[in-house]
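Colleague: how does the following fold in three dimensions:
(one chain, ligands or ions: 1)
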Amino acid sequence: MPDGIGPPAAEVRRAGNVEAAAFAIEGPLLVSVRRFADARGAFVETYSRRDFAAIGIGDEFVQDNQSLSVAIGTVRGLHFQVNPHAQGKLIRVLRGRILDVAVDLRAASPSFGRHVAVELSAADGRMMWVPPGFAHGFATREEETEVAYKVTALYAPDCDRSLAWDDPALGIDWGLAGVAATLSDKDRRAPRLADLGPAF
Ligand SMILES: Cc1cn([C@H]2C[C@H](O)[C@@H](COP(=O)(O)OP(=O)(O)O[C@H]3O[C@@H](C)C(=O)[C@@H](O)[C@H]3O)O2)c(=O)[nH]c1=O
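Modeller: Model (predicted):
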């Protein structure tokens, strides 16, 4: 059950080897894929166009990304690309553990400014679908954490934006438990929501 803000929506969608749970905030999905374990180890289909389309992720992915974060408490985000290069993102953890966060920036949305937050780990194999219109970020909960994600639009530096991860107006509990966040210069300088202007 997704531990996002507000009660999780009851809806669970299933197709083939994929299962997706919706949040109280419309759009993001917490995705699980079937794991076939045997004496050698395990096998998973991490993406199937047919099954993901059936559970509501029909967007075409055009780029795969991967990042390594060395320190615990590395925060990457909150990031988004504005139109015409807005990105949907399908995020999973290859090694380690993260708190994954998506903030609703859709101006017309009843949940504008609210967020969902879910732990994803290599061990549980869960994925987060973050649709276009959301800012996305994560905090690492283990050293040497590797994150892989598929995106629906190519990297477009001119359209790339940051939102302050620690903006009090967002009220995100990153679960850092006293660990100082490790940030990029870009993320340290990111504007707050009130100074962002219309994004979507
Ligand atoms: C995101 C990205 C970065 N880069 C380059 C630019 C820069 O020199 C270097 C590091 O970029 P960043 O500091 O933006 O990397 P990072 O902080 O990991 O950015 C990522 O954060 C997570 C939370 C997301 O949601 C992603 O969409 C992306 O914004 O990599 C690309 O060439 N292509 C890309 O698609």
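Colleague: how far away is the residue of the chain most remote from its centre from the ligand?
Modeller: What lies farthest from the middle of the chain is residue 39; by CA atoms, centre = their mean that is 32.3 Å. Going from residue 39 to the ligand by CB to the nearest ligand atom, to the nearest Å gives 37 Å. The way it works is simple: take the backbone N, C-alpha and C, and place the C-beta from them, glycine included.
Colleague: what separates that residue from residue 198, distance-wise?
Modeller: For residue 39, the distance to residue 198 equals 55 Å [CB to CB, to the nearest Å].
Colleague: what's the answer for residue 83, then?
Modeller: Taking CB to CB as the measure, residue 83 falls 11 Å from residue 198.
Colleague: what of residue 146?
Modeller: 34 Å.
Colleague: so which of those two has more stuff around it?
Modeller: Between residue 146 and residue 198, counted using other CB atoms under 10 Å, residue 146 has the larger neighbour count: 16 against 7.
Colleague: where does this protein come near the ligand, residue by residue?
Modeller: By CB under 6 Å from any ligand atom, the residues of the chain that approach the ligand are 65, 67, 76-77, 79, 89, 136-138, 155, 184, 186.
Colleague: and those residues, which of them are buried?
Modeller: 76-77, 79, 89, 136-138 (16 or more other CB atoms under 10 Å).
Colleague: out of those, who's nearest residue 57?
Modeller: residue 89 (10.6 Å; CB to CB).
Colleague: tell me what that closest one is bridged to.
Modeller: residue 130, residue 151 (DSSP bridges).
Colleague: who's in contact with it?
Modeller: Neighbouring residues of residue 89 by CB atoms under 8 Å, 6 or more residues apart in numbering: 128-130, 136, 149-152.
Colleague: which one of these has the most neighbours?
Modeller: Ranked by the number of neighbours (other CB under 10 Å), the contacts of residue 89 place residue 128 first, at 27 neighbours.
Colleague: elements contacting the helix or strand where it lies?
Modeller: If you go by DSSP states H and E, residue 128 is part of strand 127-130. Here strand 127-130 touches strand 29-33, strand 89-95, strand 97-104, strand 115-121, going by 3 or more CB pairs under 8 Å, 6 or more residues apart in numbering; DSSP states H and E.
Colleague: JSON lines for those, including mean pLDDT and distance to residue 45?
Modeller: Below are the helices and strands packed on strand 127-130 laid out as JSON lines (pLDDT from 0 to 100; distance: least, CB to CB, whole Å):
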{"stretch": "strand 29-33", "mean pLDDT": "97", "distance to residue 45": "6"}
{"stretch": "strand 89-95", "mean pLDDT": "98", "distance to residue 45": "12"}
{"stretch": "strand 97-104", "mean pLDDT": "98", "distance to residue 45": "21"}
{"stretch": "strand 115-121", "mean pLDDT": "97", "distance to residue 45": "17"}
